[in-house]
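Visitor: Dropping the sequence and predicted coords here.
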Amino acid sequence: MIALVSLCLLQSILGVAGITFLTRALHGKAFEFRTILSAVGTGDVIIGSSLLLGSFLVMAIILSFARMHVYVPLNTAITFLVTILASIFIQHEKISGEELLGMVFVVLGVFLVARNWNV
């Protein structure tokens, strides 16, 4: 289970980092094919896409040994946590105490359910 959690954490960090770079390149841009195509060659899109590819490769490794009913909820909770942290510390978004408490309950619930699963 430690290997699964570690790989899920790595996959989440790679995925959220990749999405963060893509957001920097595309957020606020007009939703037009030409505009999106012009962003493809930027450093942010290249780095973001590379990080997402890395996330996909880690997922492929995880799926080679983990059961889907264990992996998906666990990975979702970890990605949820990593996303919150990235939103606060990288994007400088404000999260209310009520929102934070709800997020804690979601993550805690997944870990309580997942703690006895066999990978």
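Guide: Yep, that arrived. From a predicted model like this one, the values you see are computed outputs, not experimental measurements.

Visitor: Give me the distance between the residue of the chain most remote from its centre and Val40.
Guide: Summary for the chain: using CA atoms, centre = their mean, the residue whose C-alpha lies farthest from the chain's mean C-alpha position is Arg34, with a distance of 27.5 Å. Using CB to CB, to the nearest Å, we find Arg34 at a distance of 11 Å from Val40. C-beta coordinates here come from the backbone N, C-alpha and C atoms, glycine included.

Visitor: Find the nearest non-adjacent residue to Met103, please.
Guide: In space, not counting the residues next to it along the chain, Met103 is nearest to Ile84; the distance is 5.8 Å by CB to CB, 6 or more residues apart in numbering.

Visitor: burial count for that neighbour?
Guide: 18 (other CB atoms under 10 Å).

Visitor: how about it, what does it touch?
Guide: Ile84 makes contact with Ile95, Leu100, Met103 under the criterion CB atoms under 8 Å, 6 or more residues apart in numbering.

Visitor: Could you give the backbone dihedrals for the first one?
Guide: Phi and psi for Ile95, reported as degrees, to the nearest 10, are phi -120, psi 130.

Visitor: That one contacts Ser87, doesn't it?
Guide: Yes - here Ile95 reaches Ser87: they are 7.0 Å apart, a contact under CB atoms under 8 Å.

Visitor: quick one: which of these two has more around it?
Guide: Legend: neighbour count by other CB under 10 Å for Ile95 and Ser87, higher for Ser87 (15 against 12).

Visitor: how much space between that one and Leu53?
Guide: Looking at Ser87 against Leu53, where the rule is CB to CB, the gap reads 23 Å.

Visitor: got it, and Ala3?
Guide: Counting by CB to CB, the gap between Ala3 and Leu53 amounts to 21 Å.
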